[in-house]
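Enquirer: build me a model from this:
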Amino acid sequence: MMRIWWRRQRSFLDFCISSLLRRKIKNLALLTGYGLIIFFLTSVLFFAGALRKESTSVLQHAPEIVVQRMLTGRFAPIPLAYAETIRAIRGVRAVDARYWGYYYHPAAQANYTLMVDKREETAPGRIKIGAGVARTWPVPSDGGIYVKTFDGKTLILTVADILPAETELVSADLMVVHHGDFQKIFGQEEELATDLTVTVRNAHEVQTIAEKIVLQLPDARPVLRNEIQRTYEALFDWRSGYMLVLLSGTLIAFFIFALDKATGLSSDERSEIAILKAIGWDTADVLTIKFYEGLVISLSAFLTGVIAAYLHVFLADAALFTHALKGWADLYPEFKLSPAVDQYQLSAVLGLTVVPYSLITIDPAWRAATIDPDAVMRELHE
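Expert: The predicted model follows:
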């Protein structure tokens, strides 16, 4: 019994494809428009998901707590004495000072991040730069970079190395210098740091330790790693939502077009239904054919759009949406996105695009199949 049913459905599908090919111009136009809409939607979802995955991967290695000092409601350098107070809190494993700041280069019209890396300390008078810095700030033949200090003097730093390309997501605008050179550039006092990083013994006590820091140091602001992660997720959700809103008008216009094409049967289609009824086909058989036609078109458009979106985002680096979803900065990191496909979002797109179109093709076919075939043929030949 199952074999008979399967052979019957396969015959219906063969007839459906033949019918679609007889009207290939109309169906190709519909398939192209349908596929483009799905392409744009899934490109945005894929790109936002990939950026979210990259940020989550990077932030896994971020400090559990970053302690900043707030003065007049703004971020200010923090005294190193605060580190001793925080180390005395039970549950704190380590406290480290960080030295970093922003340096604006007028010629490149870009802000760079200048920092001291005490794990691999750079020699005095030398500097390591990110790949983005090398692209936007050409290094002279002598390998020296000229930096203006806080008091208007010029400091010459020799480029010792360019940071690896695989770290460009976090190092594109990075310039790593010796602590002494950092002090010369920014004029920061020796007893001050930019902020402090705190490592705790028990991850479940992060919130408790942050509360204790605020109690003992009222002008300090602890920033937790999970708060940073939520901020990035909200940012990418907002930007992807912004793009989807821009596409919503196109989506609505297309669905109006698709609804008109699906509900308004042409004279050839009505004649075909009348002939099928006249030679003995049941109404259920006709509805099955029309359902398969809608399913073939919508499913083909979905698969084409999703595959094209995947290639666009993960092979072509999402050229259409890069500026909208990354931002409008002058200095862009260049990095390969790792494939990240949210099955729930993909299922939602499938349900919102394939299922409605497949179902709306049934109603006009049912109305045409319930009319007497002779009446339909006479009407078409008058």
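Enquirer: give me the spatial nearest neighbour of Leu295, chain neighbours excluded.
Expert: Distance criterion Cβ to Cβ, 6 or more residues apart in numbering; nearest residue to Leu295, sequence neighbours excluded, is Ser358 at 4.5 Å. The way it works is simple: take the backbone N, C-alpha and C, and place the C-beta from them, glycine included.
Enquirer: helix, strand or coil for the most centrally placed residue in the chain?
Expert: A centroid search over the chain (Cα atoms, centre = their mean) returns Ala48, at 1.2 Å, as the residue closest to the centre. Reducing the assignment at Ala48 to three states with DSSP: H, G, I helix; E, B strand; the rest coil gives helix.
Enquirer: contacting residues around Ala160?
Expert: Taking Cβ atoms under 8 Å, 6 or more residues apart in numbering as the criterion, Ala160 is in contact with Thr122, Ala123, Arg126, Ile127, Lys128.
Enquirer: just the buried ones out of these, please.
Expert: Among these, those that count as buried by neighbour count (16 or more other Cβ atoms under 10 Å) are Thr122, Arg126, Ile127, Lys128.
Enquirer: for the residues you listed, which one is nearest Leu215?
Expert: Of all these, Thr122 has the smallest distance to Leu215: 37.5 Å, by Cβ to Cβ.
Enquirer: I figured that closest one hits Val177, correct?
Expert: Yes - with contacts counted by Cβ atoms under 8 Å, Thr122 reaches Val177, the gap being 5.8 Å.
Enquirer: on that earlier part again, just checking, what packs against the helix or strand hosting the residue nearest to Leu295?
Expert: Under DSSP states H and E, the secondary-structure element containing Ser358 is helix 343-360. For helix 343-360, the contact count by 3 or more Cβ pairs under 8 Å, 6 or more residues apart in numbering; DSSP states H and E identifies helix 24-59, helix 225-263, helix 283-314 as packing neighbours.
Enquirer: export those to a markdown table and append columns for distance to Ile275.
Expert: Compiled in a markdown table, the helices and strands packed on helix 343-360 are given as follows (distance: least, Cβ to Cβ, whole Å):
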| stretch | distance to Ile275 |
| --- | --- |
| helix 24-59 | 19 |
| helix 225-263 | 21 |
| helix 283-314 | 11 |
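Enquirer: those: lowest mean pLDDT?
Expert: Between these, the one with the least mean pLDDT is helix 225-263; it has a mean of 67.
Enquirer: what residues are up against Tyr99?
Expert: Met115, Val116, His179, Phe182, Gln188, Ala193, Thr194.
Enquirer: in a helix, Tyr104, correct?
Expert: No - remark: Tyr104 does not belong to a helix; assigned using three-state DSSP, it is strand.
Enquirer: quick check: it touching Trp137?
Expert: No - contact status for Tyr104 versus Trp137: not in contact, 11.5 Å apart, counting by Cβ under 8 Å.
Enquirer: between these two, which one's more packed in?
Expert: Set side by side, Tyr104 and Trp137 show unequal neighbour counts under other Cβ atoms under 10 Å, the larger going to Trp137 at 19 against 10.
Enquirer: burial of Leu217, as a residue count?
Expert: Burial of Leu217, expressed as a neighbour count using other Cβ under 10 Å, amounts to 18.
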